[in-house]
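**Student:** Have a look; sequence and predicted model below, questions after that.
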Amino acid sequence: MPDHKSKVLDQGAVDTALHVDRPGPMPGAAPVTDSVTQILSAGPVGSKLNIAVLGDGFAAADQDAYNLKVQQLLIDGVFGHDYFYEDNQAFNIFRVNLISNASGVSTRVYDEHGTHDNPKDDTIVSTTMKDTALKYIFSGSWAHCWLEGTADTAALVQAALNKWVPDYDLVVILLNDPRYGGCGGGGFQVVPLGIGWEVLAHEFGHGTGGLADEYCTSNVYSGGEPGAVNVTINTNRNTLKWRNFVNPSTPIPTGTGQCSGYTAGAKPAGWSDSQDVGLFEGGGANGRGMYRPVINCRMNGNSPEFCPICYTTLKNKMHPYTGRTFLKCYAGDFNGDGKSDLLMHNGNSIMICRSNGAQLDVVFSAVERVPGSWQFKPNDRFYIGDFNGDGKDEVAVFNGSDWGMEYLGLLADDGKNGLKLIARYDNTMPNWDFKKDDQFFVADFNGDGKKDLIVFNGTNWSMPYLGMLQCSGTGFSLVRRYDGNFAGWQMTAGDKFYVGDFDGDGKQDLYVFNGDNWSIPYLAMHRSTGNAYTMVKRYDANLAGWNMTKGDKFYPGDFNGDGKTDLYVFNGENWSIAYLAMMASNGAAVSMTRRYDGNAPGWQMRKNDQHYVAEISGDNKADLFVYNATDWGKEYLGTMISDGANLACAWKEDWVGEWNLGSVDRFIPCNFEGAAGKRDLFVHNQNWFGMIKATPTLTLQKLYYKYIHNYRYGRNW
Amino acid sequence: MDATARPIIENAKLPTMTDAVAPMQQAPARDANSRLMDDAQPPLIDASKPTMGAFTVDQPGPIRVIPRVLPDQEPRLTRAAPDTSYVVLRMRVQDGKLAVIGSKRVDGPLLAEEEIVQDGLTYEALLDDKRLSLGSVPDFGEQRSYPRPGTTEHYVTVLPSFDFNLRVPSDRISLQDLPKLKISLYRFKVPVPDLKLGSQPLRAQLAQEVRVVAELNGIQLAKLPSNVQEVVQRAFTR
Ligand SMILES: [Zn+2]
């Protein structure tokens, strides 16, 4: 989707330089004119839910306090926790900076005549008016919604919204009064300074999800079935609207009586009052006659997380606004626990989902940028590896097409389950000018335990270039560059590079293949000396008994477990049948260990077989996952296990558990279980994400639809 | 799939690797058409493209110490502004009647929500019985005071009227179309799980499930208050 951010706002009015992740503008004189600052930027306003924040009673000198309060309530509070944090990509937040002439808002004192719940008999004791931007009056009287507007207020609010905010769905108006209170409804929340973010999150549940209150009063409800998703009068478990989330072992109703807890027997051990779903009497602001799904949801007690029913409603409703799919996924162990986590990229956002060995949980959600700063864009390319040797994976990111220049960044652990930028190179770095077709390869070429980058560009310059970008752990430097000639290898645009330590010295080497640019195909072995490469072997057309052709595909992996990276070679297009060879490296050359002609043991090879290097059997011998979605009537996913000299294959047809294999599926070998080797797969397409285990056979561990979330019982489809 | 079967011939016109005759094993032929790496004059220069500056060892490539705050990344300059926009109509609902009370044109695309989750109210804008847009009004018609400390209860006041924002894509409606613009506001009587809407008007598809809360059959510009007339006119003029 095109980014129309620059068109969205009146540039003259917007402080584009200010962002929540970074300190504000130069300190100095207090602002004297109204303005707007976008503090959450998820995308074009017409594609997102837009929140406008206005302040009343904040004079010029109060603006820092206003900014801080907005940060605390909205960014750190509502959008720093659970649901709204996860879906921050669905929202824009515009902070309108209105300068009031007076500091503090007008106040009013009511005499409630002892009846706090009845406003009808109340009388005004006094009103103290102040000259503020929106002319709100704070009273502190609950039955008067704690506050009220004056005759001018509605028009002033509309004028401010029209002037400063391109479009809005929700409005938060912050009053400069230290007391507790707040008045919500119609998409508006008018609050003084004394509230916490939790009550605002509850109110956003009304404002974005149309959710009903789940709390109780002494009321007894006797009407029909309410329309809201999270309250009901139906006590039949077979027709209950949230029956999909009710564990069959949970009695229905689960609680009866005035605003009940768990009354149908003893509450099971480990029961979560906010996440375990049943049917509890009391809800929708009634004590009896209406039921709620959990004992205590955010729509009840404000502080707990949203219950599964409310959460799912919000997720489904906001999903189109997030614009998210599962198409761009990467595996990496970002916390160093030995289990592969998931990094998802969508347009201008990334999310990290942590594996606990059996499932994934969202731990990080960043929209527009991470501190440092790196601003995410659709064409960001991510390269995962342990670039600083701390046992956790970092992320190198390159963008060569979405900005006015090229950028390379290094993102590392922020200490809070997330990422921050620790180095960035804009357009150029010493001895290398970035270009859009730069290709990067992750390789520890100096064997210091910190991954480095190889960068190759074969198309944007008068000759191909290859650079060795050494990583210090905190940044990159180019230690060597090859111009045109790569240690005896004439580089051309079609060169393909494969990283592997083929001599087993701990420094990662390169295999280079070219099947396109010469009369015959070439393959070379380039050994890394730590800061340079030397070509130890070049094969011209014939590779140790394998006739190289342009369609050869190479998969580096140490299939015999001798510590030297070998090659699997597959060709499905240049011969009458498909071939797969195992080429073992001795550090100076390769020799053919095995060649399969048409059939491998247990797998009938076809021209469109796709291979993925993995280590499935835990014997330190590299294996292959193999997938074919096009050459048969059904799709096949298989494993090819190496014993060092031979392959043994197994496969599943059409389905792996509940995963229906399809032509759109993409696979990422990984290790979400944390066992030895790399024996798992992430599988993903537009709307579905799966975790596949290959041990002892191919099975589906976990399936997700549209978003990553683990329900205690049930699921969102 | 049967791995014990004979290999499948993918292309009978091609040889098998075993059949391949020796040329691969021998030194490649050199002739006028051959292009061999050994014969190339290194490096191959394409003079039509620039050359990277010389590599200098005395440029040690220092690790860049990152300033605490980096500038924003440089936006790409684009020739023309995107031509998409939409119009927001601020609507007021009172006594079952709908009225326009404000309007604004907004740059950028409008998300077409084909899947909606039907709770609260749903609006639909139709032109010549074709749907222009659909949207939700999740929170309407009441005012809630925040619960008193230590409690959870709102004090709820039902309001006599409420406002909401209705959005229509600019490229599908002009000022001249306004008298034909039909706006309906619905309430779902029952939740409809997994609702998948076709192109027909909502009412035609869900006659049993929805109830009309308010309707507006055409906007007559001349009958609007003059200040509203002005903003509507501006919003629909491109
Ligand atoms: Zn709930």
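**Tutor:** Okay, I see it.

**Student:** Which residue ranges make up the domains of chain A?
**Tutor:** With domains defined by the TED database, chain A comprises A:35-208, A:237-320.

**Student:** so A:S139 touches A:T107, yeah?
**Tutor:** Yes. Between A:S139 and A:T107 a contact is recorded at 7.0 Å, counting by Cβ atoms under 8 Å. Where you see a C-beta, it was placed from the backbone N, CA and C, and this is true even at glycine.

**Student:** Show me which of these two is the more surrounded one.
**Tutor:** Using other Cβ atoms under 10 Å in any protein chain shown, the more surrounded residue of A:S139 and A:T107 is A:S139, with 24 against 20.

**Student:** about what we covered before: I'd like the domains of chain A written out as JSON lines, with mean pLDDT and distance to A:M344 added.
**Tutor:** Below are those laid out as JSON lines (pLDDT from 0 to 100; distance: least, Cβ to Cβ, whole Å):
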{"stretch": "domain A:35-208", "mean pLDDT": "95", "distance to A:M344": "11"}
{"stretch": "domain A:237-320", "mean pLDDT": "96", "distance to A:M344": "14"}
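
**Student:** what number of residues lie near residue 146?
**Tutor:** The chain I'm using is chain A. A count of nearby residues for A:W146, using other Cβ under 10 Å, gives 25.

**Student:** Not quite, go with chain B.
**Tutor:** Residues near B:Y146, counting by other Cβ under 10 Å: 28.

**Student:** With A:G338 instead?
**Tutor:** Look at A:G338: counted by other Cβ under 10 Å, it has 14 neighbours.

**Student:** And for A:G104?
**Tutor:** Neighbours around A:G104, by other Cβ under 10 Å: 19.

**Student:** Give me the helix or strand of chain B that scores worst on average pLDDT.
**Tutor:** Every helix and strand of chain B was ranked by mean pLDDT, DSSP states H and E. The lowest is helix B:202-205, at a mean of 84.

**Student:** Contacts for it, please.
**Tutor:** By Cβ atoms under 8 Å, 6 or more residues apart in numbering or on different chains, the residues outside helix B:202-205 that reach it are B:T122, B:E124, B:R131, B:L134, B:S184, B:Y186, B:L197, B:G198, B:V210, B:V212.

**Student:** ok now stretch A:669-677, how far from the chain's centre?
**Tutor:** When distances are taken as Cα atoms, centre = their mean, to the nearest Å, stretch A:669-677 is centred 21 Å away from the chain's centroid.

**Student:** Please identify the buried residues of it?
**Tutor:** By neighbour count with 16 or more other Cβ atoms under 10 Å in any protein chain shown, stretch A:669-677 contains the buried residues A:P669, A:C670, A:N671, A:F672, A:E673, A:G677.

**Student:** So for the last one, what's the nearest residue that isn't a sequence neighbour?
**Tutor:** Computed as Cβ to Cβ, 6 or more residues apart in numbering or on different chains, the closest residue to A:G677 that is not its neighbour in sequence is A:E615, at 3.5 Å.

**Student:** For that neighbour, give me its contacts.
**Tutor:** A:G557, A:K621, A:A622, A:D623, A:A676, A:G677, A:K678, A:R679.

**Student:** try 10 Å this time
**Tutor:** Taking Cβ atoms under 10 Å, 6 or more residues apart in numbering or on different chains, we find A:E615 in contact with A:557-559, A:561, A:621-624, A:641-642, A:669, A:671, A:676-679.

**Student:** now A:P253
**Tutor:** A:T235, A:R237, A:L240, A:S260, A:T263, A:A264, A:G278, A:L279, A:F280, A:E281, A:Y291.

**Student:** Which secondary structure state does A:N101 sit in?
**Tutor:** coil (DSSP: H, G, I helix; E, B strand; the rest coil).

**Student:** Name the member of the contacts of A:P253 with the most neighbours.
**Tutor:** Highest neighbour count within the contacts of A:P253: A:Y291, with 30 neighbours (other Cβ under 10 Å).

**Student:** That one bridge partners, please.
**Tutor:** According to DSSP bridges, the residues that bridge with A:Y291 are A:T232, A:E281.

**Student:** That one contacts A:T256, doesn't it?
**Tutor:** Yes. Between A:Y291 and A:T256 there is a contact at 9.0 Å, judged by Cβ atoms under 10 Å.

**Student:** Name the residues contacting each of these two.
**Tutor:** Listed contacts common to A:Y291 and A:T256 are A:T235, A:L279, A:F280, A:E281, A:G282; contacts here mean Cβ under 10 Å, 6+ apart.

**Student:** The last one and the ion: what is the separation?
**Tutor:** Distance check for A:G282 against the ion: by Cβ to the ion, to the nearest Å, it reads 13 Å.

**Student:** residues in contact with that residue?
**Tutor:** By Cβ under 10 Å, 6+ apart, the neighbours of A:G282 are A:214-217, A:219, A:221, A:231, A:255-261, A:288-292, A:295, A:300.

**Student:** try it again with 6 Å
**Tutor:** A:C216, A:C259, A:S260 (Cβ atoms under 6 Å, 6 or more residues apart in numbering or on different chains).

**Student:** for the second one, same thing?
**Tutor:** Applying Cβ under 6 Å, 6+ apart, one finds that A:L279 lies in contact with A:I252, A:P253, A:T254, A:Y291.

**Student:** go on, the third one?
**Tutor:** The neighbours of A:F280, taking Cβ under 6 Å, 6+ apart as the test, are A:T254, A:G255, A:S260, A:R292, A:I295.

**Student:** Chain B: which of those is nearest?
**Tutor:** Chain B lies nearest to A:R292 out of the contacts of A:F280, by Cβ to the nearest Cβ, at 11.6 Å.

**Student:** Now do the same contact list for A:L343.
**Tutor:** For A:L343, counting by Cβ under 6 Å, 6+ apart, the contacting residues are A:Y330, A:G332, A:I352.

**Student:** didn't the second one look like it was pressed against A:K392?
**Tutor:** No. Taking Cβ atoms under 6 Å as the contact criterion, A:G332 and A:K392 are not neighbours in contact, 8.6 Å apart.

**Student:** most neighbours, which of the contacts of A:L343?
**Tutor:** A:I352 leads those on contacts (other Cβ under 10 Å) with 23 neighbours.

**Student:** Can you list the neighbours in contact with stretch A:205-222?
**Tutor:** Residues from elsewhere that reach stretch A:205-222, judged by Cβ under 6 Å, 6+ apart: A:170, A:187, A:228, A:230-231, A:259, A:282-290, A:292, A:297, A:299-300, A:310, A:313-314, A:317, B:119-120, B:138-139, B:152-153.

**Student:** Could you identify the buried members of the residues you listed?
**Tutor:** If you count burial by 16+ other Cβ under 10 Å, the buried members of those come out as A:170, A:187, A:228, A:230-231, A:259, A:282-288, A:290, A:292, A:297, A:299-300, A:310, A:313-314, A:317, B:119-120, B:138-139, B:152-153.

**Student:** Any regions of chain B where pLDDT drops low?
**Tutor:** Low-confidence segments of chain B, defined by pLDDT under 70: B:19-32, B:34, B:40-44, B:57-69, B:78-82, B:113-119, B:191-195.

**Student:** This completes my enquiry, with thanks.
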